[in-house]
Every structure is written in structure tokens, then in C-alpha cells.
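Novice: here is a sequence together with a model predicted from it:
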Amino acid sequence: MTISAAIYDAGIALRTDLNPHCFKVGELDGTVSPRATEFAAMLSSAIGPSAVTPNLWGQRWSKLIVNCMNNGLAGLTGWMTAECRTHHDTQRIGIQLAAEVVRVAKAKGLVVDGVMGLSPDAIVDAAEGRNVETARAQLAEMARVAGGGSRPSFGQDVLLKVPFGLAICVRMTTCSRTTAGRTV
């Protein structure tokens, strides 16, 4: 499960998914700790429904599937989320990219959740030519849910003319931290 949202003005977030939780919280080692439980409760009180997961790595890779399906394609085409999810060519490329992420995650022994109403196996099946129309229909439905106002982050960077290297550097800086001598 992964959250999808857009923020175009200070303090205003637009959810672009149907997920029941805003955030999944967990420990890197898979334990359900008191601190993760407490943090999820704080997020639930302050922002919206949150939950603890024993599969944080699987959650992160599930989000990676969504990002790989949409971000690069939005940046290359200049399209919004819904356009990327409904155009024949970007659907086809997005499914192939998502399937590659699923294959790598499985090879690493991770259990990933379904994304956008598609199970990991359904994504790989569609990439290999099985049940393609079912996958395309589900992506079109998720485009409808996202609406016309959602643009993946890399598409936003391109629109705002943020230099590519700067966008990567900012994301790496804000998404990485050092814990016990290792970057996570």
C-alpha cells in the first residue's frame, strides 16, 4: 500500500489514491516496536489514519513500483498522472517498468504489495502479455481516481525547470539519514 498525493500550495495536500492509510510505519528489521506503534498513533492523530507494518521494505518497494511507472514518463512527456496511466504507450512502458521492479524485489526476497489495484503477479503477467487489457483497465480506473490535478514529482521538477542534478540531490538529502553508522 502506498500513498499518492500532490502538494501545490503550502499546507494543502491533495490525496490522489483510495488507500485507507496515510502512512505505514515500521522498523527496518521487521519488528513491530512500541516506538513504531506510538509514532503511527501520533500520525493518526495529527494527519490521518496510519498503521504499523512488519514489512517496511516491502512497502518501500511497492512505492518504488508506482514511482517507476509514473515519474520518469511524466518527466519525459510533460503529462499529468492520469494521462500517463491512460495513454497506450505510457501504459505499456509503465507496466514493463513496474514488472522489472517486482522481479528485482522478488529476487531480493521481498514481499511487495499490490499497487493501483494490481497484484505484483498481475503486473508481471501483463508485462509478459497475459491479461493486459485487465491491467490497462485498472490503470485507467486509477487515472480516474487521481483526477486531472495530479502530476508525479519528476514531472513537477521538469515543469518548474528544476535542474535534474539538483532535484536528485535534494531528494537524496531529504530521503537519507545515517543511523548507527549506515545510511538508510
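Specialist: Nice, I can see it.
Novice: give me phi/psi at the residue lying closest to residue 18 once chain neighbours are set aside?
Specialist: Spatial nearest neighbour of residue 18, excluding adjacent residues (C-beta to C-beta, 6 or more residues apart in numbering): residue 145 at 5.8 Å. Any C-beta I mention is one placed from the backbone N, CA and C, and that applies to glycine too. When quoted as degrees, to the nearest 10, the phi and psi of residue 145 stand at phi -60, psi -40.
Novice: need the pLDDT of residue 145.
Specialist: With respect to pLDDT, residue 145 scores 83.
Novice: I'd say it and residue 15 touch.
Specialist: No. Contact status for residue 145 versus residue 15: not in contact, 9.5 Å apart, counting by C-beta atoms under 8 Å.
Novice: list the contacts of residue 85.
Specialist: Contacts here follow C-beta atoms under 8 Å, 6 or more residues apart in numbering; on that basis residue 85 touches 70, 91, 94, 116, 139-140, 142-143, 146.
Novice: will you turn those into CSV that also has secondary structure?
Specialist: Compiled in CSV, the contacts of residue 85 are given as follows (DSSP: H, G, I helix; E, B strand; the rest coil):
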residue, secondary structure
70, helix
91, helix
94, helix
116, coil
139, helix
140, helix
142, helix
143, helix
146, helix
